[in-house]
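*Asks:* sequence and computational prediction follow.
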Amino acid sequence: MQVDLFDFDLPEELIAQTPLKERTGSRLLVMDRQSGQVAHRAFTDLLSHMRKGDVLVLNDTKVIPARLLGTKTETGAKVEILLLKQEEGDRWEVLAKPAKRVKKGTEIVFGEEADGKPLLRAKVEEEMEMGGRRIQFSYSGIFHEILDQLGQMPLPPYIKEQLSERDRYQTVYAEHRGSAAAPTAGLHFTSDFLRALQEKGVEITTVTLHVGLGTFRPVSVETVEAHSMHAEYYQITAESAAVIARAKQEGRRVLAVGTTAARTLETLGQRFGGSRLEACSGWTDIFIYPGYSFQIVDGILTNFHLPKSTLVMMISAFAGREHVLHAYEEAVRERYRFFSFGDAMFIADL
């Protein structure tokens, strides 16, 4: 299957550079999964598309300020490091920029204490493909406190504006820190709106998937089947597993907030089957594209994604490529806002 089948024209001015003042203030494109019919709504109209007994699954990962600006000790040259995955102790997998100047053995320092010593040091232990590096940090104190002091929120490269409020790239229900990017479909929710959903009879539960390298790597091959996903860490509690399994057993809808929640649910479906979930954790590199049969997910709330991205491929697997590309053409024509700070799309059997 050719990657070009998932291409579409996207005017650059439709890429949202800043979040709206109100989280729930975005627009919502609603699409019937079977017919492909679309309707244009406000995000708060999502409430009218929810049914009593629906289970809404949120990804409660928390974005860390993973972008670090440092200097090479040898030359004083500037280096940018993006933290992707903590391996063991203070060893991390990162993206380095400019990667060609960050060789094995390179030492990098970040920040400065009152006595002039660096707050944080890193040594490159291994060079990996596409700018990836494995580094070992050394420091005095608590790593995440130093990171809060030095790090910046790792906004995607297509967002050129600086974020004035760090919390706007964080969901209101973020709990378990570890992501290099936000699960952006969740950025639309407020605590009040979640409460309104519960009052309607919607059950809300969570999974965790720490968003990593796959978010920052474009599809660089010609065929979909040749692309490999980067593994990301996931976990689910016994309580959440029971809520989701019971819904599947009783024929109620399980709705994923975002592609990360959907990928986690389908990983669990492959591991246990749709209605026999258990508490677990692990690493997933699941790649969902047309031809895949969904086991758990009955609906997806998602933002609008990049042309030829694995995320467009995934929602095309859920609702059909032609339906999805038609909906994207509608979104472009109607001037929807795209990507992380953009508008939302709800796909389900309506």
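*Replies:* It's in. Everything numeric here is computed off the predicted structure, so don't read it as measured data.
*Asks:* every contact and neighbour count from this point should use C-alpha atoms.
*Replies:* Will do.
*Asks:* may I have the beta-bridge partners of Cys280?
*Replies:* Ile236 (DSSP bridges).
*Asks:* quick check, it in contact with Tyr233.
*Replies:* No: contact criterion C-alpha atoms under 8 Å: Cys280 and Tyr233 do not qualify, at 11.0 Å.
*Asks:* how about the residue most central in space within the chain, what does it touch?
*Replies:* In the chain, the centroid-proximal residue (C-alpha atoms, centre = their mean) is Pro183; its distance is 3.6 Å. With contact set as C-alpha atoms under 8 Å, 6 or more residues apart in numbering, Pro183 has these partners: Asn59, Thr61, Thr171, Val211, Gly258, Thr259, Thr260.
*Asks:* I'd like to know how far it sits from Ala331.
*Replies:* 21 Å (C-alpha to C-alpha, to the nearest Å).
*Asks:* do Gln198 as well
*Replies:* 29 Å.
*Asks:* with Glu239 instead?
*Replies:* Relative to Ala331, and taking C-alpha to C-alpha, Glu239 is found at 37 Å.
*Asks:* these two - which one has more neighbours?
*Replies:* Shown here are Glu239 and Ala331; by other C-alpha atoms under 10 Å, Ala331 has more neighbours (22 against 12).
*Asks:* doesn't the more buried one lie inside a strand?
*Replies:* No: with DSSP: H, G, I helix; E, B strand; the rest coil as the criterion, Ala331 is helix rather than part of a strand.
*Asks:* what are the ranges of the helices in the stretch 151-300 of the chain?
*Replies:* Taking DSSP state H, counting those that start in this stretch as the test, the helices found in the stretch 151-300 of the chain are 191-199, 238-249, 259-272.
*Asks:* what about Tyr292, neighbour count?
*Replies:* 12.
*Asks:* now do the contacts for it.
*Replies:* Ala317 are the contacts of Tyr292 under C-alpha under 8 Å, 6+ apart.
*Asks:* please report the distance of it from Glu330.
*Replies:* Going from Tyr292 to Glu330 by C-alpha to C-alpha gives 25 Å.
*Asks:* and the residue nearest to Gln34 when sequence neighbours are not counted, how many neighbours?
*Replies:* Excluding the flanking residues, the one nearest Gln34 by C-alpha to C-alpha, 6 or more residues apart in numbering is Asp349, at 6.4 Å. Residues contacting Asp349 under the criterion other C-alpha under 10 Å number 13.
*Asks:* kindly report the same for Phe287.
*Replies:* When neighbours are counted by other C-alpha under 10 Å, Phe287 comes out with 18.
*Asks:* excluding its backbone neighbours, what's nearest it?
*Replies:* Met229 is the one closest to Phe287 (C-alpha to C-alpha, 6+ apart), at 6.3 Å.
*Asks:* how about the secondary structure of the closest residue to Pro19 other than its chain neighbours?
*Replies:* Leaving aside its chain neighbours, Pro19 sits nearest to Phe341 (4.9 Å; criterion: C-alpha to C-alpha, 6+ apart). What three-state DSSP gives for Phe341 is coil.
*Asks:* over to the one 5 residues further on?
*Replies:* Under the three-state scheme (three-state DSSP), Phe346 adopts strand.
*Asks:* how about it, what does it touch?
*Replies:* When contacts are counted by C-alpha under 8 Å, 6+ apart, Phe346 touches Leu28, Leu29, Val30, Met31, Leu46, Gly299, Ile300, Leu301, Thr302.
*Asks:* which other helices and strands contact whatever helix or strand the first one lives in?
*Replies:* Which is Leu28. Using DSSP states H and E, Leu28 sits within strand 27-32. Helices and strands touching strand 27-32, by 3 or more C-alpha pairs under 8 Å, 6 or more residues apart in numbering; DSSP states H and E, are strand 38-42, strand 344-348.
*Asks:* between that strand and strand 344-348, how many degrees?
*Replies:* Following axes from the mean of the first three to the mean of the last three C-alpha atoms, to 10 degrees, one obtains 20 degrees for the angle between strand 27-32 and strand 344-348.
*Asks:* hmm, back to that, wait, the residue nearest to Pro19 touches Leu14, no?
*Replies:* No: contact criterion C-alpha under 8 Å: Phe341 and Leu14 do not qualify, at 10.7 Å.
*Asks:* comparing the two, which residue is more hemmed in?
*Replies:* Using other C-alpha under 10 Å as the criterion, Phe341 and Leu14 rank with Phe341 on top: 24 against 15.
*Asks:* who are the contact partners of that one?
*Replies:* Counted by C-alpha under 8 Å, 6+ apart, Phe341 has contacts Ala16, Gln17, Thr18, Pro19, Leu20, Thr184, Leu187.
*Asks:* and if you look at Thr260?
*Replies:* With C-alpha under 8 Å, 6+ apart, Thr260 has these contacts: Asn59, Pro183, Leu209, Val211.
*Asks:* 10 Å - rerun?
*Replies:* Contacts for Thr260 (C-alpha atoms under 10 Å, 6 or more residues apart in numbering) come out as 58-59, 61, 182-185, 207-211, 232, 234, 266, 302, 311.
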